[in-house]
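mind looking at a prediction? Sequence and model below.
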Amino acid sequence: MAMASNNDTGDYNTTINVVPLVDIMLVLLIIFIITLPVMTHAVSLDLPRATDQPPPDVPPEVISIEVAYNGYVTWNGAAITPTDMRAKIIEEAAKDPQPEVHLQIDRRAKYDYAATVLFAVQRGGLKKIGFVADASGAL
């Protein structure tokens, strides 16, 4: 394909074409504008404070709550109803120091069962809650 020009001197146009450069810069600018809010999103965590006090000599009392795949809840190995569980949670929350709650959830259990138990424990006033994983590492 030949290009015609008004002068027949045969000189080439040696100026730099900056249009592709500007296009690339605008695309990069748009990408940075879109991804910047995602990178600056922060999650607030309440981390424990370091203290100079040594750990207690007596290990804390542990409450083991297990949620089965079908929604049945056990409190330290004994089956419990939701109303009895609420009463026990309030009773345990009144103790000083509060016992630790170890929550073990069957991997086949529905999210609703686990969320209901966790909500009841938190709402009852127990502060030390931990999740226990089985030997395979899954909750």
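Yep, it's here. Numbers count the residues shown, from 1 in each chain.

make it CA atoms for all contacts and neighbour counts henceforth
Fine.

what's the burial count for the residue lying closest to residue 126 once chain neighbours are set aside?
Spatially, and ignoring its direct neighbours in sequence, residue 126 is nearest to residue 93 (5.2 Å; C-alpha to C-alpha, 6 or more residues apart in numbering). By the measure other C-alpha atoms under 10 Å, the count of residues near residue 93 is 18.

surely residue 93 meets residue 129?
No - with contacts counted by C-alpha atoms under 8 Å, residue 93 stays clear of residue 129, the gap being 11.8 Å.

that older thread, and the residue nearest to residue 126, its phi and psi?
phi -70, psi -20 (degrees, to the nearest 10).

so what touches stretch 104-111?
64-71, 114, 131-133, 138-139 (C-alpha atoms under 8 Å, 6 or more residues apart in numbering).

and which of those is nearest residue 23?
Nearest to residue 23 among the contacts of stretch 104-111, counting by C-alpha to C-alpha, is residue 138 at 48.7 Å.

what pLDDT is listed against that closest one?
For residue 138, the pLDDT comes out at 52.

per-residue confidence at the most centrally placed residue in the chain?
Nearest to the mean C-alpha position of the chain, by C-alpha atoms, centre = their mean, lies residue 43 at 8.8 Å. Looking at residue 43, its pLDDT stands at 70.
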